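# A structural model of the following input is requested.
(2 chains)
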Amino acid sequence: MTVVSAFLIPGSPLPFVQRDNPPWGKIADALDTAGKALTASQPDTIIVYSTQWIAVLDQLWQTKPHLKDIHVDENWHEYGDLPFDIKIDTDLAEAAVVATNEAGIKSKGVNYDKFPIDTGTIIAANFLNPENKLPLVITANNVYHDWQMTEQLGRIAVAEAEKLHRKVAIVGVGGMSGSIYRQVINIADDKIASDEEDKWNRKILSLMEKGDVKTLLNECPKYASEAKVDMGFKHFAFILGAMGGDFSSATVHGYGPLYGSGAAVLEFQLG
Amino acid sequence: MSKGEIIAGFLAPHPPHLVYGENPEQNEAKSQGGWEQLRWAYERARASLEELKPDVLLVHSPHWITQQGHHFLGVEHLSGKSVDPIFPNLFRYNFELKVDVELAEACCAIGAEMGLTTKMMLNPNFRVDYGTITTLHMIRPQWDIPVVGISANNSPYYLTTEEGLEEMDILGKATRKAIEDSGRRAVLLASNTLCHYHFSEEPVPPEDMAQEHPQNYEGYLWDMRMIELLRQGKTGEVFELLPQFINEAFAEVKSGAFTWMFSAMQYPELAGELHGYGTVIGTGNAVMEWNLIKAGLAQAA
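Have a look, this model is predicted:
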C-alpha cells in the first residue's frame, strides 16, 4: 500500500506558539498524537498540501532540497518566530511536476533561496515531523483550482509515489469553520465564534468518523459555504484524492477553537 | 511643533514585474526590460516626490494581509530578502528600510481610539511583504525616506465590501490625525492595481511585451472610466461607483488602500495627475498623483 496514513490538521500557528493556553493546548496535544501515529505508520515521505501556500498561475511544488530558516506569521507576529528545518523528497516532487503537467494541470517546481514557506506547512512539519527524519513533498493551493482538480492533484501525487516505491503519509493542512474574532479576546476563553458553524463542524467530523464518504461529498459544498470553511475545504479534497476517494473511518484527535475558527486534527483509517 | 500635513497621495501599484524590468542591483532576477510605460510613469512620480521633499512615506499594501486588526510596522530597521511567492522567478529583492516608528505608533493608537482593532508589528525577524517593497522601490529607489507600513486587514473580504471599506475610511481618518499631530510632511502610497483580471500563464520570456495587453475588455473599460473621473477630480462619483467597479472589474482597490488614502486626504474633489497606465500580466495599473501642495491644500516645504 502506497498511502500508509492520512491526516487533516489546522495550519494556524497558535497551538505551536502558545500551547500553554488551554484551548490551544488541546489542539497541540492532538497534533502530537497525530505525529506519533504518522511516525508509527512508517512512511518514506510526507506529502503536504497547505491552504496557506497560495498559488495563482500554476500548481507549485517545492523542489529546493533543504529549507531551513525562521518565519514570522503575518498576523500572529507577537507570539514569536516559527523556525523550520525541512528536507524535500525532490525525486517525488519533480515527478509530480511532470505528471501534473501531463495531466493538463500546468505545474512547476520552485527552488529559490528565501522562498516564503507558509505557516501551515511549517506547523505541519514541526508537529508531525519534529526531528526532521522524513522528507516532505510540499504543494500549493492554487486559488483557481476547484474541488475536483484538487482531488486529482492528490491522486497524481500518490500515483507518482507508487511508481517510485515510496510509502507516503498524506497531510492536508487547513481550518474548518472560518468565522473568527476580529477583536482582541481573552485567549483562555476562546471558543468557536458561531454556534451554527460549530454544529456544522461537528456534523462533518461525525460523518468522517463513520467514513460516510457519499454523504460527506454531498454535504461539503454546503458546509464550505455556510461555515465559511478555509479555502472551500480543498485540503480535504486533496486528502480524499490521495486516499483514492475512500476511507473507512476517521479518528478525531482534537477539535476546538483557534481565535474563533474551527480546528480539527483527524487521522483517517484507510480502505 | 508645527502641524503636520499630508502633502500628496499616489496610486502606486506593486507588480513585481516593474522592479524586474528595471534591473536594480537589489533584485537577483535580471530582464531585458519590459513594462516601460509603467516604469516611465513611475519616473515621473519619482521626480514629483523629489520636489515634494516629504519626511515620511506611508504605504498600505494588500499583500500584508491580517485578520485581527490593522497592523503597523514597528521595528526601526528591517532588512532581508523578499521573494515573491507568486513570481519568485522575477522578484528576489534584498531590502533595507527605516521605519518611522513614532508615527506608526501614533497611527496605531489613534486608530484604536477611533474603534479599530490595531496592532504594532514588533518582531525584528518579520519579512516585509513584496507589495510594500515594490511600491517603495518604484516611488523612491534610494530608500532614504522613513516609512510607515500598514497591513491590509481582510475586512472587505471577510465582511461586505462596503463594511470593510468603512473600516479603511476610519483608518484613513486616524492616519490623518496622527500625521497632523506628528508635525510630519507625509506622502501616502496606495499600493493597488485597478482591474485585477489576469492571465493564468506567463509568456517566455516574461518581459515579452508582444504578449502584454488587458486580460479583460470590460475591466479595461472600467479602468478608463474610473481614471477619467479621477482625472476630472470627480472623487465623489468615483466612490459612489467603487463597489460596482470592484465587483465587475475584480479591482484590487477592494483591499482598502485607495479608500484609506482618499479618506486621509478628506476625499478632495481634485483632478489627479495620471503619470501613466499599463497592464501587467493583463491587470490594469495606473500611477496617479494628487498633489495637495499644487492644489493649495498643503504648504510647500
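# To which secondary structure element type does A:Cys220 belong?
With DSSP: H, G, I helix; E, B strand; the rest coil as the basis, the three-state label of A:Cys220 is helix.
# for A:Trp61, same thing?
Three-state call for A:Trp61 (three-state DSSP): strand.
# Pretty sure it sits against A:Phe115.
No. At 11.8 Å, A:Trp61 and A:Phe115 do not qualify as touching, with contact defined as C-beta atoms under 8 Å. The C-beta positions use only the backbone N, C-alpha and C, and glycine is treated the same way.
# which of these two has more neighbours?
Just comparing A:Trp61 and A:Phe115: by other C-beta atoms under 10 Å in any protein chain shown the higher neighbour count belongs to A:Trp61, 26 against 18.
# Pull up the residues of the stretch 201-301 of chain B that are close to chain A.
For the stretch 201-301 of chain B, the contact set with chain A under C-beta under 8 Å from any C-beta of the partner chain comprises B:Glu201, B:Glu202.
# Would you state the helices of the stretch 101-250 of chain A in chain order?
Taking DSSP state H, counting those that start in this stretch as the test, the helices found in the stretch 101-250 of chain A are A:119-128, A:147-163, A:195-210, A:213-226, A:234-242.
# A:Gly232 against A:Gln148, yeah?
No. Because the distance of 11.7 Å does not satisfy C-beta under 8 Å, A:Gly232 is recorded as not touching A:Gln148.
# Looking at these two now, which is surrounded by more residues?
Neighbour tally, A:Gly232 and A:Gln148, criterion other C-beta under 10 Å: the higher count belongs to A:Gly232, 22 against 9.
# Identify the residues contacting that one.
Contact partners of A:Gly232, counting by C-beta atoms under 8 Å, 6 or more residues apart in numbering or on different chains, are A:Trp147, A:Ala224.
# any idea how far it is from chain B?
14 Å (C-beta to the nearest C-beta, to the nearest Å).
# Leaving out the residues flanking it, which one is nearest to B:Ala41?
When the adjacent residues along the chain are set aside, B:Ala41 lies closest to B:Gly276, with 2.5 Å between them (C-beta to C-beta, 6 or more residues apart in numbering or on different chains).
# I meant A:Leu240, not that one.
Counting by C-beta to C-beta, 6+ apart, A:Leu240 lies nearest to A:Glu151, which is 5.8 Å off, once chain neighbours are set aside.
# quick one: contacts for that neighbour?
Taking C-beta under 8 Å, 6+ apart as the contact definition, A:Glu151 lies against A:Ala237, A:Phe238, A:Leu240, A:Gly241, A:Gly245.
# Please identify which of those is nearest to chain B.
Ranking the contacts of A:Glu151 by separation from chain B, with C-beta to the nearest C-beta as the measure, puts A:Phe238 on top at 18.8 Å.
# Compute the distance between the one residue sitting closest to the centre of chain B and B:Leu78, please.
In chain B, the C-alpha closest to the average C-alpha coordinate belongs to B:Ser191, at a distance of 1.8 Å (C-alpha atoms, centre = their mean). When distance is defined by C-beta to C-beta, to the nearest Å, B:Ser191 is 17 Å away from B:Leu78.
# Now A:Glu94: which helix or strand?
Counting by DSSP states H and E, the secondary-structure element that holds A:Glu94 is helix A:90-102.
# Extract the CA atoms of the strand ranked longest in chain B and return them as PDB.
Selection of the longest strand in chain B by residue count, based on DSSP state E, yields strand B:56-66. Extracted C-alpha coordinates of strand B:56-66, given in PDB (Å, rounded to 0.1, in the frame of the first residue of the first chain):
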ATOM      1  CA  VAL B  56       7.800  60.100   5.600                       C
ATOM      2  CA  LEU B  57       6.100  57.700   3.200                       C
ATOM      3  CA  LEU B  58       3.100  55.800   4.400                       C
ATOM      4  CA  VAL B  59       2.200  52.700   2.300                       C
ATOM      5  CA  HIS B  60      -0.900  50.400   2.600                       C
ATOM      6  CA  SER B  61      -0.200  47.100   1.000                       C
ATOM      7  CA  PRO B  62      -2.700  44.300   0.000                       C
ATOM      8  CA  HIS B  63       0.000  41.700   0.400                       C
ATOM      9  CA  TRP B  64       0.400  42.100   4.100                       C
ATOM     10  CA  ILE B  65      -3.000  40.500   5.000                       C
ATOM     11  CA  THR B  66      -4.100  40.500   8.600                       C
END
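# Quick check: next helix or strand after it?
Once the chain leaves strand B:56-66, the next helix or strand it forms, by DSSP H and E, is strand B:70-73.
# Get me the contact residues on chain A for chain B.
Applying the criterion C-beta under 8 Å from any C-beta, the portion of chain A that neighbours chain B consists of A:53-58, A:70-72, A:74-75, A:77-78, A:80-81, A:106, A:110, A:112-116, A:144, A:180-184, A:259.
# returning to what we had before: any idea how far the residue nearest to A:Leu240 lies from B:Glu5?
Distance of A:Glu151 to B:Glu5, computed by C-beta to C-beta: 56 Å.
# Could you do A:Ser248 as well?
Distance of A:Ser248 to B:Glu5, given as C-beta to C-beta: 68 Å.
# Between the two, tell me which one has more neighbours.
In this comparison of A:Ser248 against B:Glu5, neighbours counted by other C-beta under 10 Å, the higher total goes to B:Glu5 at 20 against 12.
# contacting residues around the closest residue to the more buried one other than its chain neighbours?
Nearest residue to B:Glu5 in three dimensions, chain neighbours excluded: B:Ala298, at 4.5 Å (C-beta to C-beta, 6+ apart). Contacts here follow C-beta under 8 Å, 6+ apart; on that basis B:Ala298 touches B:Glu5, B:Ile6, B:Ile7, B:Ala8, B:Arg185, B:Leu292.
# do B:Lys3 as well
Residues B:Glu180, B:Gly183 are the ones in contact with B:Lys3 under the rule C-beta under 8 Å, 6+ apart.
# rerun at 10 Å
For B:Lys3, the contacting residues are B:Ile179, B:Glu180, B:Asp181, B:Ser182, B:Gly183, B:Arg184, B:Gln299, taking C-beta atoms under 10 Å, 6 or more residues apart in numbering or on different chains as the criterion.
# Highest neighbour count among these?
Ranked by the number of neighbours (other C-beta under 10 Å), the contacts of B:Lys3 place B:Ile179 first, at 27 neighbours.
# In which helix or strand does that residue reside?
Following DSSP H and E, one finds B:Ile179 within helix B:161-182.
# Can I get that helix in PDB, CA atoms only?
C-alpha atoms of helix B:161-182 as PDB (Å, rounded to 0.1, in the frame of the first residue of the first chain):
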ATOM      1  CA  THR B 161     -17.100  45.300   0.600                       C
ATOM      2  CA  GLU B 162     -18.900  48.300   2.000                       C
ATOM      3  CA  GLU B 163     -18.400  47.400   5.600                       C
ATOM      4  CA  GLY B 164     -14.700  46.700   5.000                       C
ATOM      5  CA  LEU B 165     -14.200  49.900   3.200                       C
ATOM      6  CA  GLU B 166     -15.900  51.800   6.100                       C
ATOM      7  CA  GLU B 167     -13.000  50.500   8.300                       C
ATOM      8  CA  MET B 168     -10.500  51.700   5.800                       C
ATOM      9  CA  ASP B 169     -12.200  55.100   5.900                       C
ATOM     10  CA  ILE B 170     -11.700  55.200   9.700                       C
ATOM     11  CA  LEU B 171      -8.100  54.100   9.200                       C
ATOM     12  CA  GLY B 172      -7.600  57.000   6.900                       C
ATOM     13  CA  LYS B 173      -9.000  59.500   9.400                       C
ATOM     14  CA  ALA B 174      -6.800  58.000  12.100                       C
ATOM     15  CA  THR B 175      -3.800  58.300   9.800                       C
ATOM     16  CA  ARG B 176      -4.600  62.000   9.000                       C
ATOM     17  CA  LYS B 177      -4.900  62.800  12.700                       C
ATOM     18  CA  ALA B 178      -1.600  61.100  13.500                       C
ATOM     19  CA  ILE B 179       0.200  62.900  10.800                       C
ATOM     20  CA  GLU B 180      -1.200  66.300  11.900                       C
ATOM     21  CA  ASP B 181      -0.100  65.600  15.500                       C
ATOM     22  CA  SER B 182       3.300  64.400  14.400                       C
END
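# That's all I had, so thanks and see you.
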